[in-house]
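Following is a predicted model, sequence given first.
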2 protein chains.
Amino acid sequence: MAGFTIEKVAAASGASKVTIYKLWPSRGTLAMEGYFASVERELRFPDTGDVEADLRTQLHAFVALLHRSEAGRAISELIGEAQTDPALREAYLRFYSRPRRDLAVARLRTGMREGQLRTDLDCESVVDQLWGACYHRLLLPDEPLDTAFADQLVDNLFRGISTNQDRSGTTAGLAGAGPAVVGRVGTQGPPSPTGSSRSTTTAPRSTEDSLPLTVEDHTRRS
Amino acid sequence: MAGFTIEKVAAASGASKVTIYKLWPSRGTLAMEGYFASVERELRFPDTGDVEADLRTQLHAFVALLHRSEAGRAISELIGEAQTDPALREAYLRFYSRPRRDLAVARLRTGMREGQLRTDLDCESVVDQLWGACYHRLLLPDEPLDTAFADQLVDNLFRGISTNQDRSGTTAGLAGAGPAVVGRVGTQGPPSPTGSSRSTTTAPRSTEDSLPLTVEDHTRRS
């Protein structure tokens, strides 16, 4: 990954560096430079051979980085500005977003090759359900963006959200059922007790490194 | 849900309607008004008794709405502007984002009560992994935002992305394994054949209503 710098954005968008620096308050710009400088080091994808543990580790680092000083705010303002500035958007996608996606997809593909992830998995969609979900909370902070949230994202994808998986090796509810309306499935009965007992087998949560980012934070910092 | 209107945003943010209309090009503003007017009708959450089918139906409607005329662009510009305008952000969260989340969570909770979803599920995180993932592709269009993508999001959550679910009723990989580094799990062997054969049991994809939204679209429209 080549890296995202103000210089490259200026060159790609045809805007002067002065113009780009003017777009953000100086603190935000400095934070953004610091953010991109530290991204490659801190957001490296580990490969311990356990794709679930590795995704968890990397997402924790990602959330921590977004919370560091003004980094999260600088990133949200950059993405915000990109919505009305096509050249900036293209530069952001080319120099930052796409290369980061590719690194994530590469790690997921290793997990597929090693038999840990479904072989028919669409890896790009998983990127949107892990990092994209974090960006969603960064940009629209209805709920906290913290390490507990990152763990929930991983849990949902690795355990599945359905009770169907708890009872059999196949996702019975999917077999032959299209997106069309199907009959009420109340015959499935009450939630399986395994569903609730399994909640105790998930990875232990460290509450002390929970880093909530709330609307209040955003407002206070503005 | 009370609804999101320019009038309410103006009242909540203390800005004049004129100021708010100035923020977006007139076509975008009109599209935004049209978008919010049609949201409650078109993005209603169905309850056929099958939570998976209902989420799929609603997400298809959501993706279609974002593609209609200039609606997606107006929404992305509104979220973009909210990154540097705290009052607008607060109004957006209060009048639109939060009420929409609550409706989604209510439908998910019904699915939990009816035994279709894990009882220990954090419903808020599912909102970020379905609608939040769509917003991510809208704002950072590295990959297409279409109905096939919406189906992948649902598949990933309902089937789980791991091969562990294919082999047993428990997510063995999770039991006792924290986020710490664990040993290489190469002993799991090659991908389970059930993993690939099950791909044929997913809901049939309708390609004709696939609505890709690409970087080029964004750039062309700007």
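Okay, I see it.

Helices of chain A, start to end?
A:6-13, A:17-23, A:26-42, A:51-67, A:71-82, A:86-92, A:98-113, A:123-139, A:147-159, A:164-167, A:193-197, A:215-221 (DSSP state H).

Could you list the low-pLDDT ranges of chain A?
For chain A, the stretches with pLDDT under 70 are A:1-4, A:13, A:15-32, A:69, A:165-222.

Go again with 50.
Across chain A, the ranges flagged by pLDDT under 50 are A:1-2, A:166-222.

anything in stretch A:73-93 near chain B?
Yes: using C-beta under 8 Å from any C-beta of the partner chain, stretch A:73-93 reaches chain B at A:76-77, A:79-84, A:86, A:89-90, A:92-93. Just so you know, the C-beta spots here come from the backbone N, C-alpha and C atoms, and that holds for glycine as well.

Of the residues you listed, which is the nearest to residue B:98?
Closest to residue B:98 out of the residues of stretch A:73-93 next to chain B is residue A:76 (17.9 Å), distances taken as C-beta to C-beta.

Not counting residues beside it along the chain, what's closest to the closest one?
residue B:83 (4.7 Å; C-beta to C-beta, 6 or more residues apart in numbering or on different chains).

What's the local residue count around the one you found?
24 (other C-beta atoms under 10 Å in any protein chain shown).

Same question for the one 10 residues further on.
One way to gauge burial is a neighbour count; for residue B:93, by other C-beta under 10 Å, it gives 18.

The helices of chain A: which one's closest to residue B:157?
Nearest of these (C-beta to C-beta): helix A:147-159, 5.9 Å.

Run the angle between that closest one and helix A:123-139 for me.
Helix A:147-159 and helix A:123-139 are oriented at 160 degrees to each other (axes from the mean of the first three to the mean of the last three C-alpha atoms, to 10 degrees).

tell me which strands and helices helix A:147-159 is in contact with?
Judged by 3 or more C-beta pairs under 8 Å, 6 or more residues apart in numbering or on different chains; DSSP states H and E, helix A:147-159 is in contact with helix A:51-67, helix A:123-139, helix B:123-139, helix B:147-159.

mind checking which of the ones you listed is nearest residue A:116?
Ranking the helices and strands packed on helix A:147-159 by proximity to residue A:116 (C-beta to C-beta) places helix A:51-67 first, at 4.9 Å.

out of the helices of chain A, nearest to residue B:112?
helix A:193-197 (9.5 Å).

My read is that residue A:124 contacts residue B:143, right?
Yes: under the criterion of C-beta atoms under 8 Å, residue A:124 makes contact with residue B:143 at 5.1 Å.

More neighbours: which of the two?
residue B:143 (21 against 18).

In contact with that one, which residues?
A:101, A:124, A:128, B:137, B:149 (C-beta atoms under 8 Å, 6 or more residues apart in numbering or on different chains).

Can you list phi and psi of it for me?
Backbone torsions of residue B:143, given as degrees, to the nearest 10, read phi -130, psi 160.

Tell me the spacing between the residue nearest to residue A:76 and residue A:129.
22 Å (C-beta to C-beta, to the nearest Å).

same thing with residue A:87?
On the measure of C-beta to C-beta, residue A:87 and residue A:129 end up 29 Å apart.

quick one, which of the two is more surrounded?
Neighbour comparison, residue A:87 and residue A:129: the larger count goes to residue A:129, with 25 against 15 (by other C-beta under 10 Å).

Spatially nearest residue to that one (excluding sequence neighbours)?
residue B:129 (4.4 Å).

Is it correct that the one you found is in contact with residue A:127?
No: with contact defined as C-beta under 8 Å, residue B:129 does not count as touching residue A:127 (11.5 Å).

wait, what's in contact with the closest residue to residue A:111 other than its chain neighbours?
Excluding the flanking residues, the one nearest residue A:111 by C-beta to C-beta, 6+ apart is residue A:51, at 3.2 Å. Listed by C-beta under 8 Å, 6+ apart, the contact partners of residue A:51 are A:107-108, A:110-111, A:114, A:116-117.

of those, closest to residue A:64?
residue A:107 (18.4 Å).

Now that closest one: closest residue in space, sequence neighbours ignored.
Distances taken as C-beta to C-beta, 6+ apart place residue A:45 nearest to residue A:107, at 4.3 Å, with adjacent residues excluded.

What distance do you get for that neighbour to residue A:56?
Separation of residue A:45 from residue A:56 (C-beta to C-beta) stands at 12 Å.

Residue A:43 now?
14 Å.

Looking at these two, which is more packed in?
Neighbour totals were compared for residue A:43 and residue A:56, and residue A:56 leads with 25 against 17 (other C-beta under 10 Å).
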